[in-house]
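# I'd like to go over a predicted model; first the sequence, then the structure.
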6 protein chains.
Amino acid sequence: MFLRVDKLQIELPPPAKQDPNAGAALQELLGGKYGEMSTLGNYLFQSFNFRSKSKLRPFYSLVAAITAEELGHVELVTNGVAMLNNGPDAEADDEGPADISGAPFEMMKDIRLASGFFSHAGGGVPINGNAQSWNNDFITTTGNVIFDLLHNFHLECGARLHKLRVYETLSDPTGREVCGYLLVRGSVHAHAYALALKNLTGVAIEKMLPTPNIPLGNIPECQKYLDEGAHRRLYTFSPKDYSEISAIWGNKEKALPGDPPGTLEVVEGMPEGGKIQELVGEPSAFTPDYAPEEMYEIAAKLYKKSR
Amino acid sequence: MFLRVDKLQIELPPPAKQDPNAGAALQELLGGKYGEMSTLGNYLFQSFNFRSKSKLRPFYSLVAAITAEELGHVELVTNGVAMLNNGPDAEADDEGPADISGAPFEMMKDIRLASGFFSHAGGGVPINGNAQSWNNDFITTTGNVIFDLLHNFHLECGARLHKLRVYETLSDPTGREVCGYLLVRGSVHAHAYALALKNLTGVAIEKMLPTPNIPLGNIPECQKYLDEGAHRRLYTFSPKDYSEISAIWGNKEKALPGDPPGTLEVVEGMPEGGKIQELVGEPSAFTPDYAPEEMYEIAAKLYKKSR
Amino acid sequence: MFLRVDKLQIELPPPAKQDPNAGAALQELLGGKYGEMSTLGNYLFQSFNFRSKSKLRPFYSLVAAITAEELGHVELVTNGVAMLNNGPDAEADDEGPADISGAPFEMMKDIRLASGFFSHAGGGVPINGNAQSWNNDFITTTGNVIFDLLHNFHLECGARLHKLRVYETLSDPTGREVCGYLLVRGSVHAHAYALALKNLTGVAIEKMLPTPNIPLGNIPECQKYLDEGAHRRLYTFSPKDYSEISAIWGNKEKALPGDPPGTLEVVEGMPEGGKIQELVGEPSAFTPDYAPEEMYEIAAKLYKKSR
Amino acid sequence: MFLRVDKLQIELPPPAKQDPNAGAALQELLGGKYGEMSTLGNYLFQSFNFRSKSKLRPFYSLVAAITAEELGHVELVTNGVAMLNNGPDAEADDEGPADISGAPFEMMKDIRLASGFFSHAGGGVPINGNAQSWNNDFITTTGNVIFDLLHNFHLECGARLHKLRVYETLSDPTGREVCGYLLVRGSVHAHAYALALKNLTGVAIEKMLPTPNIPLGNIPECQKYLDEGAHRRLYTFSPKDYSEISAIWGNKEKALPGDPPGTLEVVEGMPEGGKIQELVGEPSAFTPDYAPEEMYEIAAKLYKKSR
Amino acid sequence: MFLRVDKLQIELPPPAKQDPNAGAALQELLGGKYGEMSTLGNYLFQSFNFRSKSKLRPFYSLVAAITAEELGHVELVTNGVAMLNNGPDAEADDEGPADISGAPFEMMKDIRLASGFFSHAGGGVPINGNAQSWNNDFITTTGNVIFDLLHNFHLECGARLHKLRVYETLSDPTGREVCGYLLVRGSVHAHAYALALKNLTGVAIEKMLPTPNIPLGNIPECQKYLDEGAHRRLYTFSPKDYSEISAIWGNKEKALPGDPPGTLEVVEGMPEGGKIQELVGEPSAFTPDYAPEEMYEIAAKLYKKSR
Amino acid sequence: MFLRVDKLQIELPPPAKQDPNAGAALQELLGGKYGEMSTLGNYLFQSFNFRSKSKLRPFYSLVAAITAEELGHVELVTNGVAMLNNGPDAEADDEGPADISGAPFEMMKDIRLASGFFSHAGGGVPINGNAQSWNNDFITTTGNVIFDLLHNFHLECGARLHKLRVYETLSDPTGREVCGYLLVRGSVHAHAYALALKNLTGVAIEKMLPTPNIPLGNIPECQKYLDEGAHRRLYTFSPKDYSEISAIWGNKEKALPGDPPGTLEVVEGMPEGGKIQELVGEPSAFTPDYAPEEMYEIAAKLYKKSR
């Protein structure tokens, strides 16, 4: 089972301006082969299909706990996409009905992924940066524990490479923050899967990290997360379960050589998190609808009545 | 953010026998157009992309909370698939290495979705009953609140129809229990979206329920859930958030006419849940691996060391 | 614009028995690369996108008129699929509500395309015999008239080959009749595109027919259509338009050497056609619904009131 | 069976200029999830697969008749796409062979959907605005009449939302006219499915209209169609069949409150329609071919000979 | 550039009997995510896109040479599929025209992948064992050498797992031989990529082999290849190029501990290879055509004339 | 089996400048329906699945030999894509680590197929110009020789049309050279399939060439290939096999009327070929990696040691 908390893993800075092509770039990290839907989907189904859970508990718990974190990554990237596609929240969305006959969204026909406006009013969906859908081809869940862990290690390295390249195309603070945070957390996951593999096979595969061969410290947006030790922390993302991951992420293992030094530690539960953006509606795009005032009133009344 | 709890929403009875075609039938409820990946995917991205969240809080919370329940539904169906594909857990998976040269899985080349054995050793993945991948085409997230709710209402009715038909092909207790439970919970969701729509539009669309036109009481596997009032309960599936859903699921609304009577109620948190099946490995299918004893030993040692 | 007539191009004999795998075979002729959706889709979009229509009127009209016939072919194959999937119409569908708890459709989990039962209750949809969706990859519409006609000629030959092979797997009269009729009509289309090409290029490409190299006369189900001269007739499938096709199908051109001799002729309008099957509902599969009696009554009253 | 008429449902104004990105926007209404291929595909297969047709005749006829109208909508949008992609018809296409070595179409490599030029010379095909193919995932045909009608109601509301958003990106008269007309006709279909549902379930679901919450009167391009009462008219699109739809669209039902008042009426047959554009060929793009003069001559001679 | 040689890498034993479901199982190794089309496609495009080829010559040559071997693997599996689907070659295919009206291929409508008969007369195509197409999602070519090599190492391990499972479902000699040979060759490739990675990163990742954890010696069909040292040999598959691979596969590296001992060696060129099966046509399935005698005669005459 | 030679079929001129949209145009010729992956895929699987090879040897050899040439075409186009996406090779790629925090690839978020940068650093992959994957739908391999040859003839004509249109959008020398060369070679293939068909059916289908109706001589980039007689030459692309193709491409057949005159001739082996471009890495895009100097050193040492 899963519980939901009405926060993002971090608070995202508002975008400097509306930039749908930046939103489209971020889509690569949402629905691309090496995006967050892929890390989520792989670990979700691997954990469901995991064999001999009780005998391999630390490994099962590792995949299970990271799954829960990935859900929040999907959430974070989607929020980033929506923010970049829509730009800074307007001050008010309750202005009177707009005139829609003057082609108010003419610019939208020239953005790279125009259907994102037509269908989602700029919301994020599980497609990559070229509009191709995420799908089952991106999932590996074989039931062979060594192989699935090896796959996951490779997946996290690939995810790191893609985040780096997307980052290099973005000048907007929202998108860069998404990348910076995910680079730190993805590195934790790569490291964790490497340790799991090392324990099972004796191969010190974590020495292959970082791949690509660039330290997190070179990326300014990673700095604050490194400072607070985020690269040494793995969360259980659970009220009470999965603490067996300390058998892998712990046991005196250290941070990777290129990162700020320290011992790896497991945190029960989740990070403090940050506020979710409001995403003020745009009535002339029919979000939440054309003349939403009545809707707001109904919501207010219902809420009041229920207290 | 999401937290994970190491339980299923209900405990599933073990399968009477291995029946991969029954597992394939259940796949329709996992990755089909009207399956659990679709309900999850729609609500997940709708809640991420929701506009004017603060002004429409009860509606936002409704979609957000149901999303978390759907995650558990995806988990439940996947567990059901894996159980049916693999049959009852063997007593031991630590027998010595098997001889694989005698075509021990010859029957698997004749099952409907043979790749499910080759690729997943019987684990579930987001495909439908004909092996077609779930994908972005199944997601509607327009940002128009009325329309998205109408879509969701239709989606839950469609999901009910599909569950009923899958149920009608299954004689095994595992699959039937999955269907029975999900029929009750899906009916709650259809009802909830109907009430949301009624509040916003004045149309008593919940009178269209149940669709298809058959009471839950006709399905023996639903009975115990009806008896305990599951059809009147909506969970927040959150430690602290989303209780605003009582503005919709509450306010003296009653159970649907054909179901056991009573008032609708919101439960903070989640149901008690049940045990997840062990899914004992099958070394001759290389799960968790061919000769897994050493692996088990490593896991045990690591765990011990970390305490 | 298109008009619709409530008839099939021919009346189909009822199936001898329910045979979903035969229905699945017929799906190849509906949604396969060389199936009726493909002939329809190619000619539909070629006719919409046709350049210099007025100067190339006979060629435009040829593609346009055949498009309309293909719509009826899609209809015919879909009817065949539904009939084979459901078996002979039961005598009554108004029996009281059935008990659905006894796995009444257990056999459906073992049919080749089980999702066809779950999702469509045996209805036909644009997929091929392996459940892969028809899609835009199957459409060629380049705007180059010679090339599009060459493509169409090849498409009809491929369609003929596929119909022959599907035919060879069917023992049921419904499916065989579908194949027999379509073989005759498809041969007309191949012949027509060949004549169009010959006129434009001087190459007597119709001499390549029949491909595969088997006369229609070898197929008993084709015989009655040959006897009535269907292989020499091209319909305008229009109340008043497209008669310019006689510039291609006419001008003293003859039937192909292996077929009954005679002159090619254009018929304004459409064939007489035959009755569409009733497809009696199956309440326990929720078609038209679980307890449909009230529905029938409403329909009857509404109809009466409107007269 | 279907007949074809060599007219569009309305005559489209010529485009002001060539604008392939506007054509790409219109593609969303052709091949998108809520586009015309989807309304067509759903109703086409629902009508083929309809159960108990005789007992539910008005409902069957409703779906069947609207199908035929949708064919014309697919035609209309495709014509719009081709017109926008190619710009106003040149005065002549019979100039001598052009020099193709000077990159005469260099601009085409920068348009959003460049393959549309490479493969179709600007013709329309069943893809959405991001080049994703229309496919079977967009079809719902369950055989359950209530559910299929509910689906169709939701589909038409979604189609309306998408048309509105596409309209808001277009300044060219061709595309705006397509949207304006289809908005009126789509509203009729939403209304009709609502009435069908109301009759069967008692729920006044038409009160949810219009969704999105904007009257047609706000859209200048809808005005002339409202003035002539197009919003109150449902066509049988058949020479003689489907008049039973007056049991649903009739029986003294009125226009929706926000639209010009009046009684709903059924029109036997089809609207008068308008001229199809010529789409003059572009020999340097090899449409109808590089040096088409001989082709035109052949066509003229053939035509003459056949009279 | 590529040259072709009219031989298979090994001669395949004829199938004991026609077994299309065994052919369908083998399809997993052709078009599945971890099948031969994937190994081919990854290395093909990685070698085309390889950066700084001259400075990284041994690594470039490794990927380039293995690509050429993979082409032969695709060929081998496709031959295996076709052989199993069609059964042992008949003695003659020049019997007179058969009667096709007696449903001679009725059994084909019940095989798992019936479209394989309709469309390919049993030939192999790039789909997996569930009929899903191979596609670009299966290709990773990032230009980052460490990551691409890591991906390839994981890919070969996954391929090994899939080959083992397919092998376990087959009793026919043809399919088992395909698996046995490919298991040996795939192990070479996994080993080679491991050595490449070790050289670049210092991580002894080859110690993770074999994955799954079963020695090749346990598979009887591998034995003769091990005996002749095939597991220690890497071919350049080139008349003159790619010999730089000995910088990786060589330098005194040894066979893996579980396999017969010895030094790794590079062989210039290709293995001796074996005969390609004739695949005698089946005129009643229209291969090479219905009445092929004339065709054979033409071929013979043409050939004679050209000498 | 296949052998590989470390050369391109021709040497490509370096691009004048980086132009990712030109690279995207060239993708149509790589992964489009009528692109090189399609010609390759069709002939590859047709040759594997060919029936009665010995009796139809010249036809089998024709398909087999052209397959090998197509592999080189896929290689050529992919090289062209990568060159255009990356621009002229920089003088050095061994500069010290770059600062990646200044959005050095900001322009990449606005190119048409941005994922090509994110995932492949500009390398080519089997997708079309709109980012849609090449897939099995593009393969026809029926086992019916006449039909497969007819398909191939149509395919080559379609390929010619697409090459012409792509050519018309390119001003860069690299892309134009790719098109010019492939137009000549594709014309040879169309001609060869036409002769094969003529021999088997008696229809002089080569008279339909060229389609589109423009002589190669009109394209400056074709001139040098015509001058050297490339349009009259068919290679066996084999060390020793497939020379039977002279039964078709030979026997005194002549060049097409519009091309420089002469007799058709078979060349054993392959053309001389040209140098493959180096594709110098871009460390700030992590190709071959961020700080590749050590990698280069390792490669150099390994190579030295192995000599």
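Ah, there it is. Numbering: from 1, shown residues only, chains lettered A, B, ... in the order given.
# make it CA atoms for all contacts and neighbour counts henceforth
Fine.
# Looking at the stretch 51-200 of chain A, which residue is nearest chain F?
Among all residues of the stretch 51-200 of chain A, A:Thr169 sits closest to chain F, at 3.8 Å; criterion: CA to the nearest CA.
# surely that residue meets F:Lys109?
Yes - using CA atoms under 8 Å, A:Thr169 is in contact with F:Lys109, at 5.9 Å.
# Now for those two: what residues contact both?
Common contacts of A:Thr169 and F:Lys109, defined by CA atoms under 8 Å, 6 or more residues apart in numbering or on different chains, comprise A:22, A:25.
# Name the nearest residue to the residue of the stretch 51-200 of chain A closest to chain F, sequence neighbours excluded.
Leaving aside its sequence neighbours, A:Thr169 sits nearest to F:Glu106 (CA to CA, 6 or more residues apart in numbering or on different chains; 3.8 Å).
# since we're on the one you found, how many residues are nearby?
Burial of F:Glu106 is recorded as 17 neighbouring residues (other CA atoms under 10 Å in any protein chain shown).
# residues contacting it?
A:168-171 are the contacts of F:Glu106 under CA under 8 Å, 6+ apart.
# rerun that using 7 Å as the cut-off
A:168-170 (CA atoms under 7 Å, 6 or more residues apart in numbering or on different chains).
# what do you get for A:Pro15?
Contacts of A:Pro15 by CA under 7 Å, 6+ apart are A:83-84, A:87-88, A:172-174.
# Pretty sure E:Leu209 is one of the things A:Thr201 touches, is it not?
No - using CA atoms under 7 Å, A:Thr201 is not in contact with E:Leu209; the gap is 9.1 Å.
# Pick out the residue in the stretch 101-250 of chain A sitting closest to chain D.
For the stretch 101-250 of chain A, CA to the nearest CA, closest residue to chain D: A:Glu106, 3.8 Å.
# Okay, buried residues for stretch A:202-212 please.
A:203-212 (16 or more other CA atoms under 10 Å in any protein chain shown).
# Those: which ones sit near chain E?
A:203-205, A:207-208, A:211 (CA under 7 Å from any CA of the partner chain).
# Could you pull out the strands in chain A for me?
Ranges of strands within chain A are A:2-4, A:233-235, A:265-267, based on DSSP state E.
# sorry, back to before: now the ones next to chain E among the buried residues of stretch A:202-212 in TSV, with pLDDT and distance to E:Thr141?
Listed next are those as TSV, based on pLDDT from 0 to 100; distance: CA to CA, whole Å:
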residue	pLDDT	distance to E:Thr141
A:Val203	98	25
A:Ala204	98	25
A:Ile205	98	22
A:Lys207	98	23
A:Met208	97	19
A:Thr211	97	15
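# Can you lay out these as a markdown table showing distance to A:Asp148?
What follows is those, written out as a markdown table (distance: CA to CA, whole Å):
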| residue | distance to A:Asp148 |
| --- | --- |
| A:Val203 | 16 |
| A:Ala204 | 17 |
| A:Ile205 | 15 |
| A:Lys207 | 19 |
| A:Met208 | 18 |
| A:Thr211 | 19 |
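# ok, these vs F:Gln9, which is closest?
A:Thr211 (35.1 Å; CA to CA).
# per-residue confidence for the residue of the stretch 51-200 of chain A closest to chain F?
pLDDT for A:Thr169: 98.
# A:Ala90 now?
78.
# Could you pull up phi and psi at the closest residue to it other than its chain neighbours?
Excluding the flanking residues, the one nearest A:Ala90 by CA to CA, 6+ apart is A:Val280, at 6.6 Å. Main-chain torsions, A:Val280, degrees, to the nearest 10: phi -50, psi 140.
# can you pull the contacts of A:Val280?
Neighbours of A:Val280 in contact, by CA under 7 Å, 6+ apart: A:89-90, A:93, B:51-52.
# ok so, going back, got the contacts of F:Glu106 as TSV, with distance to F:Pro20 and neighbour count columns?
Converted to TSV, these look like this (distance: CA to CA, whole Å; neighbours: other CA atoms under 10 Å in any protein chain shown):
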residue	distance to F:Pro20	neighbour count
A:Glu168	17	25
A:Thr169	15	27
A:Leu170	18	27
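# Return the member of the residues you listed nearest to chain E.
A:Glu168 (15.4 Å).
# ok, the nearest residue to that closest one once chain neighbours are set aside to D:Phe153 distance?
Leaving aside its chain neighbours, A:Glu168 sits nearest to F:Ala103 (4.3 Å; criterion: CA to CA, 6+ apart). Computed as CA to CA, to the nearest Å, the F:Ala103 to D:Phe153 distance reads 47 Å.
# quick one, which of those two is more surrounded?
For F:Ala103 versus D:Phe153, neighbours defined as other CA under 10 Å are more numerous around D:Phe153 (26 against 18).
# how about the residues of chain A near chain F?
Contacts of chain A with chain F, taken as CA under 7 Å from any CA, map to A:21-22, A:25, A:28, A:112, A:129-130, A:162, A:165-166, A:168-171, A:212-214, A:219.
# ok, now how distant is the residue nearest the centre of chain A from D:Lys55?
Residue closest to the average C-alpha location in chain A (CA atoms, centre = their mean): A:His73, at 1.8 Å. A:His73 is 53 Å from D:Lys55, where distance means CA to CA.
# which among the contacts of F:Glu106 gets closest to chain C?
A:Thr169 (32.4 Å).
# from memory the closest one sits against F:Asp110, does it?
No - under the criterion of CA under 7 Å, A:Thr169 makes no contact with F:Asp110, lying 9.2 Å away.
# Using a markdown table, please lay out the contacts of A:Val280 together with neighbour count.
Output for these, formatted as a markdown table (neighbours: other CA atoms under 10 Å in any protein chain shown):
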| residue | neighbour count |
| --- | --- |
| A:Asp89 | 19 |
| A:Ala90 | 11 |
| A:Asp93 | 19 |
| B:Arg51 | 26 |
| B:Ser52 | 23 |
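# Show me which pair in those residues is furthest apart.
Checking those with CA to CA, the most distant pair is A:Ala90 and B:Arg51, at 11.9 Å.
# distance of A:Glu156 from E:Glu265?
Distance from A:Glu156 to E:Glu265, by CA to CA: 34 Å.
# Settle it for me: which of the two has more neighbours?
Higher neighbour count among A:Glu156 and E:Glu265: A:Glu156, with 26 against 22, using other CA under 10 Å.
# Now do the same contact list for the closest residue to that one other than its chain neighbours.
Nearest residue to A:Glu156, sequence neighbours excluded (CA to CA, 6+ apart): A:Ala190, at 5.2 Å. Contacts for A:Ala190 (CA under 7 Å, 6+ apart) come out as A:153, A:156-157.
# Tell me the pLDDT of A:Ala190.
A:Ala190 carries a pLDDT value of 98.
# which residues does the residue nearest to the centre of chain A contact?
Going by CA under 7 Å, 6+ apart, A:His73 touches A:Glu36.
# Give me the contact status of the helix or strand bottoming out on mean pLDDT in chain A with chain B.
The least trusted helix or strand in chain A, going by mean pLDDT, DSSP states H and E, turns out to be helix A:293-306, with a mean of 94. Yes - with CA under 7 Å from any CA as the criterion, chain B is reached by helix A:293-306 at A:295-296, A:298-299, A:302-303, A:305-306.
# And for stretch A:245-260?
Yes - Stretch A:245-260 comes into contact with chain B (CA under 7 Å from any CA), by way of A:246-247, A:251.
# residues contacting A:Val81?
Counting by CA under 7 Å, 6+ apart, A:Val81 has contacts A:23, A:26-27, A:123-124.
# how close does it get to chain C?
29 Å (CA to the nearest CA, to the nearest Å).
# picking that back up, for the strands of chain A, give me JSON lines that also has distance to A:Leu256 and mean pLDDT.
As requested, these are exported to JSON lines (distance: least, CA to CA, whole Å; pLDDT from 0 to 100):
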{"stretch": "strand A:2-4", "distance to A:Leu256": "31", "mean pLDDT": "98"}
{"stretch": "strand A:233-235", "distance to A:Leu256": "12", "mean pLDDT": "98"}
{"stretch": "strand A:265-267", "distance to A:Leu256": "13", "mean pLDDT": "98"}
